[in-house]
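> just coords:
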């Protein structure tokens with residue numbers, strides 16, 4: 001019972017560190033969580049991702065602005081530096097290929113990087129096209145790699161909102 005409570009407390013602190021943009025303590029908290037026996041995947045999904053959800057809500061409510069959104073992403077990236085080695089450990093059965101990228105006009109890669117890391121840790125080979133990817137680049141990557149899945153992402157903060165149907169139509 002104490003162990004579960006300690007794990008829940010650590011996940012809550014990690015979530016709060018993301019929301020409060022506490023880049024100075026996120027690595028220490030992530031290390032503590034892993035040392036306490038919390039699987040790295042759970043630290044990401046139940047700690048940092050939940051914090052990012054709140055950051056997104058604050059952004060939509062105009063409580064946070066682009067600077068806070070970027071800082072929250074940087075805080076999460078710092079935490080991922082601690083967690084990535086744990087996400088990659090172990091014998092993982094290959095589940096297939098995924099092509100992933102952010103759509104043309106979007107230079108934000110926070111969500112894409114999180115998704116790519118989680119997909120890799122789950123056993124997928126990830127072909128990361130990066131940011132600002134045109135429909136033609138997605139089509140070429142699909143032809144070249146023959147993936148089982150395709151992920152194209154767009155940030156809520158993106159100033160250019162090219163319709164997804166245009167990307168789908170290109171495929």
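That came through, no problem. These numbers come from a predicted model, not from an experiment.

> What are the buried residues along whatever helix or strand residue 116 lives in?
Taking DSSP states H and E as the definition, one finds residue 116 inside helix 110-122. Judged by neighbour count using 16 or more other CB atoms under 10 Å, the buried positions of helix 110-122 are 110, 111, 112, 113, 114, 115, 116, 117, 118, 119, 120, 121. To be clear about C-beta, it is placed using only N, CA and C from the backbone, and glycine gets the same treatment.

> Quick check: can you list the domain ranges of the chain?
2-87, 96-170 (automatic domain parsing).

> Just send the ones you listed back as TSV, with mean pLDDT too.
Below are the domains of the chain laid out as TSV (pLDDT from 0 to 100):
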stretch	mean pLDDT
domain 2-87	91
domain 96-170	77
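
> measure the spatially most central residue of the chain to residue 3 for me?
For the chain, the residue nearest the mean C-alpha position is residue 114 (1.8 Å; CA atoms, centre = their mean). From residue 114 across to residue 3, the span is 27 Å (CB to CB, to the nearest Å).

> need the contact list for residue 112.
Residue 112 makes contact with 100, 101, 102, 128, 131, 151, 153, according to CB atoms under 8 Å, 6 or more residues apart in numbering.

> Identify the residue spatially nearest to the fourth one, adjacent ones excluded.
Going back to what we said before, that points to residue 128. What sits nearest to residue 128 in space, not counting adjacent residues and going by CB to CB, 6 or more residues apart in numbering, is residue 116, at 5.2 Å.

> Wait, that neighbour touches residue 130, no?
No: using CB atoms under 8 Å, residue 116 is not in contact with residue 130; the gap is 10.3 Å.

> those helices in this protein, which residues are they?
Along the chain, counting by DSSP state H, helices occupy 2-19, 26-35, 40-43, 49-60, 66-87, 110-122, 135-145, 164-170.

> Would you mark the buried spots in the fifth one?
Read that as helix 66-87. 69, 71-73, 75-80, 82-83, 86-87.

> repeat for the fourth one
Taking 16+ other CB under 10 Å as the basis for neighbour counts, the residues of helix 49-60 that come out buried are 49, 50, 51, 52, 54, 55, 56, 58, 59.

> do the third one as well
Applying a neighbour-count criterion of 16+ other CB under 10 Å, the buried positions in helix 40-43 are 40, 43.

> now for that helix, which elements pack on it?
Contacts defined by 3 or more CB pairs under 8 Å, 6 or more residues apart in numbering; DSSP states H and E place helix 40-43 against helix 2-19, helix 26-35, helix 66-87, helix 110-122.
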